[in-house]
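In: Have a look; sequence and predicted model below, questions after that.
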Amino acid sequence: MNSSVIVFPGSNCDRDIATALEKMQFKNQMVWHKETKLPKSDLIVVPGGFSYGDYLRSGAIAGKSLIINEVIKAANEGCLILGICNGFQILTETGLLKGVLLRNKNLKFINKDINIKVINSDTKFSNKYKKNQILKINIAHNEGNYFTNSDHLNELKNENLIAFKYCDKDGNVNESANPNGSLENIAGIFNSKKNILGMMPHPERMVDNLISNTDGINLFSSLLK
Amino acid sequence: MKITNQLIEKHGLKPEEYSTIKKLLKREPNLLELGIFSAMWNEHCSYKSSRKHLKNLPTKGKKVIQGPGENAGVIDIGDDDAIIFKIESHNHPSYIEPYQGAATGVGGILRDVFTMGARPIALLNSIHFGSPSHFKTKSLLNGVVSGIGGYGNCIGIPTVAGETKFNSTYNENILVNAMAVGHAKKDKIFYSKAKGLNKSVVYVGSKTGRDGIHGASMASAEFDENSEDKKPTVQVGDPFTEKLLMEACLELMKDKSIISIQDMGAAGLTSSSVEMASKGELGIELHLDKVPCREENMTPYEMMLSESQERMLIILEDGKEKHANEIFKKWDLDFVVIGRTTNTNKLTLKYNNKIEGEIPLDALASKAPIYDRKWVKKKLTKNKVDFKKLKKVKIEDALIKILSSANHSDKNWITSQYDQMVMCDTAQKSGADAAIIRIHNKEKAIAVTVDSSSNYCKAHPLTGGKQIVCENWRNLISVGAKPIAITNCLNFGNPENPKIMGEFAECLIGIKESCEFLNFPVVSGNVSFYNGTNKKNISPTPVIGGVGLIQKLKKTMDHKFKKDDSIIIVIGKTFGHLEQSVFLEEIYSILDGQPPEINLINEKNNGENVLEIINKNLVNAVHDISTGGLLVALAEMSMGTNYGVKINKPKNLTNSLKYFFGEDQGRYILEIDKENFEKVEKILKNNNIFYENIGSTQKDYFEIDKEMRIDIKELYKINNQWYNNY
Amino acid sequence: MAKQLRLNLKKNKLKFSVTVTLKKDVLDPQGKVVQNTLQTLGMDNLKSIRQGKYFEIELDDSDSKTAEKKVNDMCKKLLANLIIEDYKVSKI
Amino acid sequence: MAKQLRLNLKKNKLKFSVTVTLKKDVLDPQGKVVQNTLQTLGMDNLKSIRQGKYFEIELDDSDSKTAEKKVNDMCKKLLANLIIEDYKVSKI
Ligand SMILES: Nc1ncnc2c1ncn2[C@@H]1O[C@H](COP(=O)(O)OP(=O)(O)O)[C@@H](O)[C@H]1O
Ligand SMILES: [Mg+2]
């Protein structure tokens, strides 16, 4: 499987995701944002970090870069797109995913391991997980507070487009398990065709027991199927 | 412009120093030259008060590739890997503007490390605030923590360890020390020494603005009638640009384009150009009209003294300009050839080809003043605390009071604001005795930690100096790392005061003794004097940053209890030394007495044995005993796990408070499986190590026989309240 | 003289201010925290506070109409996220 | 009637806008990046852009003088960092 990781000035999880992809036997390429052509890829990853310093609004400026037009084109042709953290923010800024990521409700950067629940395990990104499976996974962001209008929220629910929700270690989805104030504890969503996944937690940080755990591996192995 | 006495004073120069300048120049300096002397001869750049004492520190060793004198220290960790690290203070700016002050402190120390060719892999910090009840403390804490996080998170380097302390001695002068650790290939280390004539001197990075022009800001009325607020003394950090600068430099470092490279830190363009040229025994000529400026009409004076962040000076090999330029253009950074190396041994500054200033380099560097300042020894107090006179306190109540205090509360509120995981090599995060960072794609790892102890250093600087090095060593040992070398940030008051100078001199003697004995050399550091106000200096606060090596990281060692019913032993003797302890400070507000003694022989033996036991896989958890003593350490091992302890009451000590809260040095707590106990015992006996079997772990409860019993969840709660309630 | 004038015209600097604020129905966590803080600092009678962004934009343009249009374009294209934010341009 | 009036007076809502901008000569990293982006997006003639903060503050106060003083206080205490920022209060 061929993957491409888009690198913006200020991306800083690009090496991490590349390491994880290579570990999972993807054939990966890094793509600099000024390039105008994407290599042939089955998966495009928009990585985490602080593209353009998160200045103005996180993801806003990367959303205007040259390469993004190619990503949009590829997305419309059905290519799989994964946006992690800042990548998720960028995807919402481009309109590939609906909604926005606002400041965390406590106005602080949050880095910790939290739990999420797999809501839809019937997608290219999540088929190796079980529905309602609880994962322990790292988050690290300033703006992860997902918000969208009620029409879109209904669409997310009715069409099973919510990928993950924040929960406690027993799987309860409630206010106290919500780290950042996200609407309905949403941690990740799909677009309506389910070829695009945006998520705040970092699966690439959970592929190595010595460093953390391996709860992120199945996301990558799902894609390989 | 005429150089008046007032102008000289405003540049922080003494009349005698000015006479020396005239002698060295054989004429009067002009304003630009005066500014340059003031920048190079100030304490921060010249180390004029400290150099004499720093010279005594042990800086060599088998593993030392580069000791003090370069941007950062370099050690050998085997194969072709080197670790490059340094700590630096940013105290004053952080007090004025905590967010930006702390942020630019992080930015500055990162540049010191990647200048030498290292990719930074970890950030640490040591932050000291005034009393929590002081009206400024809360906003300073908030600002500093978010500034440190803001910079490190954005640039994408994990902040993995640190220390946070509150003490009224810092009410008017907080401390913000930042440490950066990087990894490089041994044959790809870059130095600042210039070589070769007529080489291009290149300016890269951000544009120069009027930030932090020092001396000048105060004297500005003299040469610029346009008000004070034109010249901000606090710089604003731009981590995004720094990230680009770092990537661009590391990219350029891949081949052989760079002869020498130096970041523009304090005194910006002045110190970087002077250092490069004087180390290379060359001259340097700069064309200031070429300097990329952010503001209009900047004068040569302003350009030379600006402390704008995120800039570097590079001397390139012939013909590499185009290649280098392309790299910096790719990263959207300024790249301008602003000068050349010369054979004049002078710093020559031109603007539109007219000479604006010219100074022999040795006048700025090797002939800068060095002072042998008066200092007095601190007498070791004979005062003992009379326990009979103290109000009785229950062990449990004392423990709870300590665990819920500002200084001993869980630091989660802070550390969750730092990205600790980015780069995916953080094997052990904040919260442990030392953090562990794996070398990317390798089996080996390094351990890093920072420590200080201002109470001990205040009470007796020599003992305190020894102690901090030992504590740092212990923290590295506790996670299974072999300690290799340290960096130090020496935060002191006014060196012109013989008492303060004495604290400095004696702390350094202490540091030297420990470092020598433990074979734990100093490879880099920073001195920060003049902390405090005129009348009130801060307690002496040297901060030690240590690096250790774990040859093969198969699993990490930490201090959390792992199992039910394992044996708990204490290595090292417990005498019950309570003077200068947290117990006396927190419970009785007593600050009198001697700090605990350091026995370097025991320290070394105990540490080496603990390391052997860890390496032989015979132990589940290890924790050094530091402030708070045995009981606090045991509580730290229990909280957040499912296992507490059942401790036997001490038999041979009359006072159990002394036993449980005494801060005798050189001690470790080990959790050992019953089936491993014999093997451990054998090692310890063979090596004549004193140890005590004090009890065992048990589920859920923290218990001292017939004395106290409390649910560890309760302890955890108590330990996690302070920050959230503050 | 005419040349001089043209030069002046060309060099005409126009300055605009832009405020970008969250739409009414979007939660403003930042504003809320600032409000709470101010209230604990003893600012009584504070009814509400909302936070937004502010830009000062200078254009080298001779015509204020086209310049203003350009600034509006900048807002739509980049400065504001119209899903959640409103903006206002004024000449200063 | 008199009572009614007083009530109204008391309920008088006063609205202020506050802009907080970085002092001249202080680096504005955000503004710089935004400016570059707008320029690459083809916004010619853009001379400079600086970014700041904007607040809309409502007070329940009867007297506009004291209200304005309060807002100024807020700025000094919390909204602006006078070391690097300037602020401006206007009634709206
Ligand atoms: N400002 C900080 N930044 C990062 N980590 C911190 C900070 N302050 C404290 N810590 C972490 O909290 C833990 C406890 O600190 P401390 O009590 O000083 O440890 P020790 O006594 O072992 O030196 C350590 O793991 C330390 O790294
Ligand atoms: Mg420790």
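Out: Received, thanks. Ligands and ions are numbered 1, 2, ... in the order given.
In: okay, how far is it across stretch B:406-424, tip to tip?
Out: For stretch B:406-424, the first-to-last residue distance is 31 Å (Cα to Cα, to the nearest Å).
In: With chain A in mind, check whether it reaches it.
Out: Yes. Residues of stretch B:406-424 are located near chain A by Cβ under 8 Å from any Cβ of the partner chain, namely B:415-424. Every C-beta, even on glycine, is put in place using the N, C-alpha and C of the backbone.
In: Tell me which of those fall in helices.
Out: Within these, residues falling in helices by DSSP state H are B:T415.
In: which pair in the residues of stretch B:406-424 next to chain A spans the largest distance?
Out: The most widely separated members of the residues of stretch B:406-424 next to chain A are B:Q417 and B:C424, with 19.4 Å between them, by Cβ to Cβ.
In: follow-up on the earlier one: among the residues of stretch B:406-424 next to chain A, which ones are buried?
Out: B:415-424 (16 or more other Cβ atoms under 10 Å in any protein chain shown).
In: Save those residues as a markdown table, and put in pLDDT too.
Out: Output for those, formatted as a markdown table (pLDDT from 0 to 100):
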| residue | pLDDT |
| --- | --- |
| B:T415 | 98 |
| B:S416 | 97 |
| B:Q417 | 98 |
| B:Y418 | 98 |
| B:D419 | 98 |
| B:Q420 | 98 |
| B:M421 | 97 |
| B:V422 | 98 |
| B:M423 | 98 |
| B:C424 | 97 |
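In: Which ones, among those residues, also lie beside ligand 1?
Out: Applying Cβ under 6 Å from any ligand atom, the subset of these adjacent to ligand 1 comprises B:T415.
In: would you list the buried ones among the residues of stretch B:406-424 next to chain A in a markdown table and tack on distance to ligand 2?
Out: As requested, these are exported to a markdown table (distance: Cβ to the ion, whole Å):
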| residue | distance to ligand 2 |
| --- | --- |
| B:T415 | 15 |
| B:S416 | 20 |
| B:Q417 | 21 |
| B:Y418 | 19 |
| B:D419 | 23 |
| B:Q420 | 17 |
| B:M421 | 22 |
| B:V422 | 24 |
| B:M423 | 24 |
| B:C424 | 25 |
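In: What residues does B:P498 make contact with?
Out: B:373-376 (Cβ atoms under 8 Å, 6 or more residues apart in numbering or on different chains).
In: Check which helix or strand A:L197 maps to.
Out: Using DSSP states H and E, the element containing A:L197 is strand A:196-199.
In: which other helices and strands contact that strand?
Out: Judged by 3 or more Cβ pairs under 8 Å, 6 or more residues apart in numbering or on different chains; DSSP states H and E, the packing partners of strand A:196-199 are strand A:80-84, helix A:86-94, strand A:162-167, strand A:186-190.
In: List the buried residues of it.
Out: For strand A:196-199, burial by neighbour count (16+ other Cβ under 10 Å) applies to A:196-199.
In: Over to stretch B:518-531?
Out: Quick answer for stretch B:518-531 (16+ other Cβ under 10 Å): B:518, B:520-531.
In: ok, back up a step: check the buried residues of strand A:196-199 against chain D and report the nearest one.
Out: Closest approach to chain D among those (Cβ to the nearest Cβ): A:G198, at 22.1 Å.
In: Wait, that closest one touches A:L91, no?
Out: Yes. Using Cβ atoms under 8 Å, A:G198 is in contact with A:L91, at 4.8 Å.
In: what do these two both touch?
Out: A:83, A:97.
In: what number of residues lie near B:E285?
Out: Residues within reach of B:E285, counting by other Cβ atoms under 10 Å in any protein chain shown, total 21.
In: Which of the helices or strands spans it?
Out: Using DSSP H and E, B:E285 falls in strand B:283-287.
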